[in-house]
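**Q** Take a look and give me a structure for this.
(2 chains)
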Amino acid sequence: NAGVTQTPKFQVLKTGQSMTLQCAQDMNHNSMYWYRQDPGMGLRLIYYSASEGTTDKGEVPNGYNVSRLNKREFSLRLESAAPSQTSVYFCASDKWGIGHYGYTFGSGTRLTVV
Amino acid sequence: AQTVTQSQPEMSVQEAETVTLSCTYDTSESNYYLFWYKQPPSRQMILVIRQEAYKQQNATENRFSVNFQKAAKSFSLKISDSQLGDTAMYFCAFRPFGQFYFGTGTSLTVIP
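**A** Next up is the predicted model:
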């Protein structure tokens, strides 16, 4: 049981380039999330998908787009990367999107924009 | 607004000793859930312990326990018999409904 799989694990982009971070979960979870982690700022929510077919903005959505491709997959796209988007990105999922269930996290993507 | 504050950016503890990490939160909700996550150097986020706000009994998971003070909106994590493998960043998280809100983290180093 793989849990939450994120690809790639590392990426270096030039300013202005685009890329898509992929996330897939095999736990039949309904809700999926994208966070970014920056030193001294904890984890901040970029976008989330409460259920298949829905997506909503989180705290820091500017410069990002998402697609909930199906129940398993939730991708994050940077259309025109900026140095301010240098960060570690985490995908997470949970069964119902509420309650005492904790998130299951992917292993993260370290993105550097130069 | 929902906020989570971890006021100790860095802490250290001698191996086998006990350490307590602090966390406070601010909310107007009455029902919610609280969590501690561990992030070792591998970067993987690992759930350590969770607490349901309507339960007065403090949660315990082996060497990890919490001191939950609902009126004070405080949720500290106690690690007993610290081990080298406990060296990690620890995040406090709060879930009133739907999404989580995370603190800024406490970097814990266990010294041999």
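**Q** mind checking pLDDT for the closest residue to chain B within chain A?
**A** Among residues of chain A, the one nearest chain B by CB to the nearest CB turns out to be residue A:105. It sits 3.9 Å away. Placement of C-beta: from N, CA and C, glycine included. According to the model's per-residue confidence, residue A:105 sits at a pLDDT of 94.
**Q** give me the beta-bridge partners of the residue nearest to the spatial centre of chain A?
**A** To find the centre residue of chain A, average its C-alpha atoms and take the closest one (CA atoms, centre = their mean): that gives residue A:34, at 2.7 Å. Under DSSP bridges, the beta-bridge partners of residue A:34 are residue A:47, residue A:91.
**Q** For residue A:13, give me its contacts.
**A** With contact set as CB atoms under 8 Å, 6 or more residues apart in numbering or on different chains, residue A:13 has these partners: A:19, A:78, A:81, A:111, A:112, A:113, A:114.
**Q** And these, which of them are buried?
**A** By the neighbour-count criterion of 16 or more other CB atoms under 10 Å in any protein chain shown, the contacts of residue A:13 include these buried positions: A:78, A:81, A:111, A:113.
**Q** How about the third one, nearest residue that isn't a chain neighbour?
**A** If I follow you right, that is residue A:111. Leaving aside its sequence neighbours, residue A:111 sits nearest to residue A:11 (CB to CB, 6 or more residues apart in numbering or on different chains; 5.1 Å).
**Q** in which helix or strand would I find that neighbour?
**A** Remark: residue A:11 resides in strand A:10-13, with elements defined by DSSP states H and E.
**Q** Counting residues, name the longest strand you see in chain B.
**A** Scanning chain B for the longest strand, with DSSP state E as the assignment, gives strand B:88-97.
**Q** Tell me which other helices or strands it touches.
**A** Applying 3 or more CB pairs under 8 Å, 6 or more residues apart in numbering or on different chains; DSSP states H and E, we find strand B:88-97 packed against strand B:3-5, strand B:33-39, strand B:74-79, strand B:99-102, strand B:106-111.
**Q** cutoff 6 Å now
**A** Contacts of strand B:88-97 with other secondary structure elements, assessed using 3 or more CB pairs under 6 Å, 6 or more residues apart in numbering or on different chains; DSSP states H and E, are made with strand B:33-39, strand B:99-102, strand B:106-111.
**Q** Tell me which stretches of chain A form strands.
**A** Assigned strands in chain A, in chain order: A:4-7, A:10-13, A:19-25, A:31-38, A:42-49, A:56-57, A:64-68, A:74-78, A:87-94, A:104-105, A:109-113 (criterion: DSSP E).
**Q** got CSV for those, with distance to residue B:99 too?
**A** As requested, the strands of chain A are exported to CSV (distance: least, CB to CB, whole Å):
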stretch, distance to residue B:99
strand A:4-7, 16
strand A:10-13, 25
strand A:19-25, 16
strand A:31-38, 7
strand A:42-49, 6
strand A:56-57, 9
strand A:64-68, 14
strand A:74-78, 14
strand A:87-94, 10
strand A:104-105, 14
strand A:109-113, 20
